[in-house]
Every structure is written in structure tokens, then in C-alpha cells.
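Enquirer: Quick check, what structure comes out for this input:
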Amino acid sequence: MSTKTTHILISLVLWGIVLFLGGFALGTRQVKHPFTFEGLNADPDHILDEAFFAQADAFFAAKDKERSLREEAGERSGGRFLASKNGSTYYLPECSGARRIGEANKVWFDTEQQARNSGYRPAKNCDGLMAE
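Expert: As a prediction, this is how the structure comes out:
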């Protein structure tokens, strides 16, 4: 290595160390919350926890609704998986490909194995199906 390259490398390493230590020093400083909550008897961390739990509750409620809709679709139709008479793939009822199948062309299956035994393969763009 030439001396110029060595000097550049050493200066980059030194600058990296200086920047790391500066960032570390700034990150370890105790920072007070910039907001004041007048009239509230709650600290900001508690408020953030409640917001987090509210979001988590909403997420799981949506997942439960999705699952119940999927089960309802299976009960209404007599199966949990569907395929088209003219196609070669099977879907869950909520998948986009399943929504494009006309009522007259729908073939329903209770299990994925029944669909496979009938010559269908799982749709690749439908999450929740067994891979081939």
C-alpha cells in the first residue's frame, strides 16, 4: 500500500471512532420528555403502552374476523377450498384468484388433499396453502 492510501485509511478509521463515540455519548444522555401533560395523571410511557395495546387489539380483532369469514365461506359452500372447473389450481375462498371464479365453474373441496387428489395444485399467490 502506498503511504497516501495508508493515511486515508487511518483517517477514515479515526473519524469512524470519533463519530461512534460521539453518537454513543449523545445516545446515553438522559432526555426528558419534550411534551407536558397538563391535567393528566399519567406518564407518557403509560399512554404509549395503552396506544400499543389498542393497536394490538384491533389487529387481532381483524384476524379473528378474517378467520370467521373464512369459516363461514366454507360452511356456506360446503367446503374450505375451491377451484375452477377450467383451471388447475385451488384457492382459499378469500384469495383474489378465488374471487374471479364464476359461480357456475366453482368446485369445492373439504380438504387440500381432496383438491390435490382431483389434480389441482395450490395457488402460489394464496397464503395459507400447503406448498407443493
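
Enquirer: When you work out contacts or count neighbours from here on, use the C-alpha atoms and nothing else.
Expert: OK.

Enquirer: Could you check how far the helix or strand where Leu14 lies is from the centre of its chain?
Expert: For Leu14, the enclosing helix or strand under DSSP states H and E is helix 3-28. Relative to the centre of its chain, helix 3-28 is centred 38 Å away, using C-alpha atoms, centre = their mean, to the nearest Å.

Enquirer: Would you mind measuring from the closest residue to Arg121 other than its chain neighbours to Gly22?
Expert: With C-alpha to C-alpha, 6 or more residues apart in numbering as the criterion, Arg121 has its nearest non-adjacent residue at 4.7 Å, and that residue is Thr89. Going from Thr89 to Gly22 by C-alpha to C-alpha, to the nearest Å gives 58 Å.

Enquirer: Ser118 now?
Expert: 66 Å.

Enquirer: same check, this time on Cys95
Expert: According to C-alpha to C-alpha, Cys95 and Gly22 sit 51 Å apart.

Enquirer: Those two: which has the busier surroundings?
Expert: Each of Cys95 and Gly22 has its neighbours counted (other C-alpha atoms under 10 Å); Cys95 has more, 16 against 11.

Enquirer: What sits closest to the more buried one if chain neighbours are left out?
Expert: That would be Cys126: by C-alpha to C-alpha, 6+ apart, it lies 5.6 Å from Cys95.

Enquirer: Just after the helix or strand of the chain with the lowest mean pLDDT, pick out the following helix or strand.
Expert: None of the helices or strands of the chain scores lower by mean pLDDT, DSSP states H and E than helix 44-77, at a mean of 71. Scanning forward in sequence from helix 44-77 by DSSP H and E, the next helix or strand is strand 81-84.

Enquirer: Could you identify the helix or strand that succeeds that next one?
Expert: Downstream of strand 81-84, the next assigned helix or strand under DSSP H and E is strand 89-91.
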